[in-house]
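J.: pasting the sequence and the predicted model now:
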Amino acid sequence: QVQLVESGGGLVQAGGSLRLSCAASGRTFSSAVMGWFRQAPGKEREFVARIRWNGARTYYTSSVKGRFTISIDNAKITVYLQMNSLKPEDTAVYYCAAATFDSTYRGDYTYWGKGTQVTVSS
């Protein structure tokens, strides 16, 4: 089992920044890849970014490329999502998830956190 706890969400104005954190515990060695997903009201959960535990092979969905940065602190067993130049359309619940291989498909991620709300006002 892998436990994931997100934090760092909040309310921010358009153009602002937030940094989300995802603290992992348990059998983290069983999951090679960490990802961030988001779900806006009335929409399906969508892939945002992923990274391997060794910090390699980052990948972003096109709508956040150049604005969001995913990173890992192995000492703290924590994954971060730095979000800059936020837009109202970034408003969603953001979820951290763990998978055993590189994927953008939510069905390939085995473990999930409970999510943190990000609201961007215009």
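T.: Looks like it came in fine.

J.: partner residues bridging V5?
T.: With DSSP bridges as the criterion, V5 is bridged to A23.

J.: how close does it get to I77?
T.: 11 Å (C-beta to C-beta, to the nearest Å). From N, CA and C alone the C-beta is placed, and that goes for glycine too.

J.: and for S63?
T.: Counting by C-beta to C-beta, the gap from S63 to I77 is 28 Å.

J.: joint contacts of V5 and I77?
T.: A23 (C-beta atoms under 8 Å, 6 or more residues apart in numbering).

J.: please report how far Y95 lies from P41.
T.: For Y95 relative to P41 (C-beta to C-beta), the value is 14 Å.

J.: typo on my end, D90
T.: Distance from D90 to P41, by C-beta to C-beta: 13 Å.

J.: which non-adjacent residue is nearest the residue nearest the centre of the chain?
T.: Nearest residue to the geometric centre of the chain (C-alpha atoms, centre = their mean): W36, 2.3 Å. Closest residue in space to W36, ignoring its immediate chain neighbours: V48 at 4.3 Å, by C-beta to C-beta, 6 or more residues apart in numbering.

J.: go on, F47?
T.: In space, F47 is closest to T104, 4.2 Å off (C-beta to C-beta, 6+ apart).

J.: thinking again about what came up before, and whichever helix or strand the residue nearest to the centre of the chain is part of, which strands flank it?
T.: Using DSSP states H and E, W36 falls within strand 33-39. Strand 33-39 has the following sheet partners, assigned by DSSP bridges: strand 46-52 (antiparallel), strand 92-99 (antiparallel).
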